[in-house]
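In: give me the fold of what follows.
(one chain, ligands or ions: 2)
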Amino acid sequence: MKESNIEHIRHTLAHLLASAVQELYPGTKNTIGPAIDDGFYYDFEFPADIKISDKDLPTLEKKMKNHLKSWTKFTHKEVSEKEAKDIFKDNPYKIELIEEISKKGEKITLYTCGNFTDLCRGGHCDNPAKEIPNDSFKLNRVAGAYWRGSEDNAMLTRIYGLAFPTKLALDDYETMKIEAEKRDHRKLGKEMSLFTFDEDVGAGLPLWMPNGTVIVEELEKLAKETEFTGGYLRVRTPNLAKESMYKKSGHLPYYEESMFPPMEYEGGKYYLKAMNCPHHHKIFDAEPRTYKQLPMRLAEYGTCYRHEKSGELFGLMRVRMLEMNDAHIYCTEEQFADEFRAVNEMYLHYFKIFGVKKYVMRLSTHDPKRLGEKFVNDPVLWKKTEDMVRNVLIESKIPYIEVPNEAAFYGPKIDVQVWSAIGREFTLATNQVDFAVPARFGLTYKDSDGKEQTPLCIHRAPLGTHERFIGFLIEHYGGNFPIWLAPSQVKIIPVGDAHHAKAVEIHDALRKQMVRVDVDLSDEGFGKKVRQAKTSRAPYFIIIGDKDLAVNKVTLESRDAGQIGQLDQNEVIERILSEIKNRK
Ligand SMILES: [Zn+2]
Ligand SMILES: [Zn+2]
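Out: Ligands and ions are numbered 1, 2, ... in the order given. Okay, here's the model as predicted:
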C-alpha cells in the first residue's frame, strides 16, 4: 500500500468519527481532525452535560463501522464565505476557520460522504467502504486539548484513533506499543538509576548517575578507539564563545532561537555553544595548513546547549544539554569520496556492535530553483557533492532514500534512521557535507602548487548524542545491556560463610582486570541474595557453594541464557574478559 493511501484512510476516518459523534451526541460542535503518524484524531466540543471517556469508545467505533458500509463516494463543492457561514452558523470554531481560509484567499470547500458534511481541503479515499478494511482501525483514547493548542482558548475533547492498512499491521503496532511502554527509557532509567533530572538544576539538563555514567564512558571509549583507528585527532573546546564567532558561522542571527540567551561579560556577549563546528574550524585555522596534512579529522565528544521549549522536552530524547559524538573532516575534493565512504563504514561497524539490523539513510538534496535563497548559490559544487554522496551510498549498498529540497543551506545532508529491536524508528544522527562555511571562516590550505585552497568539511556524529543514543539503547536492549555496557557486569553470590573466601578471591581477580563486579557477603539467605543480584540486570552471576568447592569449581549463570554450569574459575574469568573485550 502506498504511503499516500494510508494518509487518505486516516483522514477519511477522522470524518467518519465526526459523523458517528454527530449521530450519537447531537449538538456536539466539530472542530478539526487531522491524520497523524499512527492514525487520526478529531477535537470536539460536546454539549455541557456530556462527558466522554474511554468506555464510550466501543459504541462510537461500532457506529463508525456501521456508517462506513454506506460511505461509497465523497462529493465536494466550493461555497462562498457567506454560504459556509450559514451552514456552520452554530459552530464558532468553523466560523473562525472559514474566516481564516477566506482571508488567505483560498477556496472554501465542503466534502460530503454518507450523511456527513465537513469543511475540508480534501485528501480522502475515493470509496471508503471499499478501501478501508473495517478491522484495521480502532479508537484508542480520549484526551483534553485546547482549541488550536492555546491555553487561552476553550478546552475541547480529543478522540484518538489508530489506523493501518491491514488488521495485521494494526496488531503489530499495538504489540510494539505495549513493549515500548515496558521499555520506556524514562521508566527504566529510573529503575536502573541511570539518570535523573532536578528542578534546581533545570528542566532538560540531565544528571548522569553512576550507572548511567558507566554507559556514557563505555560509549566514549568505543568512539575513541574507533576514531583513533580511523585516523582522527582528538580536540577539546570551551562550552561558550563570543558573539563574533557565531556571527561568522552564521548561527547568529539565523539559529539564535535555538540558542540560550547570551551573557554579558567584559563588555561583550558570550553564548553557550549550540554546535561544535565553529570551535573546530578555529582549531583548523590556528596554524598554516598544507595539503600534506589533509584529510584532517578533528573529533570531540562536545557539549552543546540548545534552547528547547519546556513543553517539548522529553526524557533524554529532547534535552537542553547534549554531548555529541562530533567530528569535522577537512579534506580536498579528491579525498571527499573516500572520507565519506569511511564515515559510512564507521556507521556499519557501530550498527554491528549494537545489533541494529534495520537502518536507512535519508539523503537530502537541494532544489536548483532555490539557489541563492534557501541554498548556497554554487550549482557546480552542489551537483558534484550530491553525485559523490549518492555514488558512495550506491557503491556501499547502503539502503537510502532521497529527499529533494531538504538539504542544509551549505550542502547535502544525510539523516540516519535506525529501528530498535522492537521495531520503533529513531533518527540518531545527521551527517553534512559543507562547502560554504569553511570559506566564511577563511579556512585554507596550500595545495601542491603552493596555492591557497578552501577545504571541504564533513560534519559527522555516528553515535549522535549520549542523551539520544542511550535513550535509544535503553529501549533497544530493554535495559538488559550487553556485558561491555552493563553498569554491573558480574555478581558473585557465595551460598554461605564457608564460601566467602573463594568468592572474594574471584572478585579481586576480576576487579584487577577492571571488571565491574560485586560480591554479596551479607548474612541474607541464599534465595534473597539471588533475587537481589538479579535486579541489577548483571549479565553474569557466579555462585559458589559446597558442591563447587568440593571439585574446586564455580557455577556460572547467565542473565540471558540461564544456567551455564560448573566451570573452572580461570575459564570463567577468561570468558568474561573476552566477551567484554570483544563487545559481545
Ligand atoms: Zn477531509
Ligand atoms: Zn558540525
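In: mind pulling up the pLDDT for the residue of the stretch 201-350 of the chain found nearest ligand 2?
Out: Residue nearest to ligand 2 within the stretch 201-350 of the chain: residue 277 (3.3 Å; CB to the ion). In short, each C-beta sits where N, CA and C put it, glycine included. For residue 277, the pLDDT comes out at 94.
In: can you give me the neighbour number for the residue nearest to residue 30 when sequence neighbours are not counted?
Out: With sequence-adjacent residues excluded and distances taken as CB to CB, 6 or more residues apart in numbering, residue 30 is closest to residue 18, at 4.9 Å. Residues lying near residue 18 (other CB atoms under 10 Å) number 23.
In: wait, what's in contact with the closest residue to ligand 2 within the stretch 51-200 of the chain?
Out: When scored by CB to the ion, the stretch 51-200 of the chain has residue 195 as its residue closest to ligand 2, at 25.3 Å. Applying CB atoms under 8 Å, 6 or more residues apart in numbering to residue 195 gives the contacts 189, 206, 207, 208, 209, 212, 316, 470.
In: residue 159 is in contact with residue 52, correct?
Out: Yes. Using CB atoms under 8 Å, residue 52 is in contact with residue 159, at 7.1 Å.
In: what sits in contact with each of those two?
Out: 44, 142.
In: pick out whichever of those two has more residues nearby.
Out: Set side by side, residue 52 and residue 159 show more neighbours around residue 159, with 26 against 18, by other CB under 10 Å.
In: give the burial count for residue 532, as a bare number.
Out: Neighbour count for residue 532, taken as other CB under 10 Å: 14.
In: what about it, distance to ligand 2?
Out: 46 Å (CB to the ion, to the nearest Å).
In: on the three-state scheme, that residue is what?
Out: Three-state call for residue 532 (DSSP: H, G, I helix; E, B strand; the rest coil): helix.
In: who are the contact partners of it?
Out: Contacts of residue 532 by CB under 8 Å, 6+ apart are 520, 524.
In: where does the residue of the stretch 51-200 of the chain closest to ligand 2 land on pLDDT?
Out: Per-residue pLDDT puts residue 195 at 98.
In: so what sits opposite it in the bridge?
Out: Note on residue 195: beta-bridge partners by DSSP bridges are residue 208.
In: any regions of the chain where pLDDT drops low?
Out: 1-4 (pLDDT under 70).
In: at the contact with ligand 2, which residues of it appear?
Out: Within the chain, the positions adjacent to ligand 2 are 277, 459 by CB under 5 Å from the ion.
In: do that again at 8 Å, thanks
Out: Neighbours of ligand 2 within the chain, by CB under 8 Å from the ion: 275, 276, 277, 280, 326, 328, 432, 434, 457, 459, 461.
In: out of those residues, who's the most crowded?
Out: residue 328 (28 neighbours).
In: which strand or helix spans that one?
Out: Using DSSP states H and E, residue 328 sits within strand 321-331.
In: show me the helices in the stretch 51-200 of the chain, by range?
Out: Ranges of helices within the stretch 51-200 of the chain are 57-68, 81-87, 92-103, 128-131, 167-182, 185-191, based on DSSP state H, counting those that start in this stretch.
In: just put those helices in JSON lines and tack on distance to residue 42 and mean neighbour count.
Out: Formatted as JSON lines, the helices of the stretch 51-200 of the chain follow (distance: least, CB to CB, whole Å; neighbours: other CB atoms under 10 Å):
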{"stretch": "helix 57-68", "distance to residue 42": "11", "mean neighbour count": "17"}
{"stretch": "helix 81-87", "distance to residue 42": "18", "mean neighbour count": "15"}
{"stretch": "helix 92-103", "distance to residue 42": "12", "mean neighbour count": "16"}
{"stretch": "helix 128-131", "distance to residue 42": "15", "mean neighbour count": "17"}
{"stretch": "helix 167-182", "distance to residue 42": "19", "mean neighbour count": "14"}
{"stretch": "helix 185-191", "distance to residue 42": "29", "mean neighbour count": "17"}
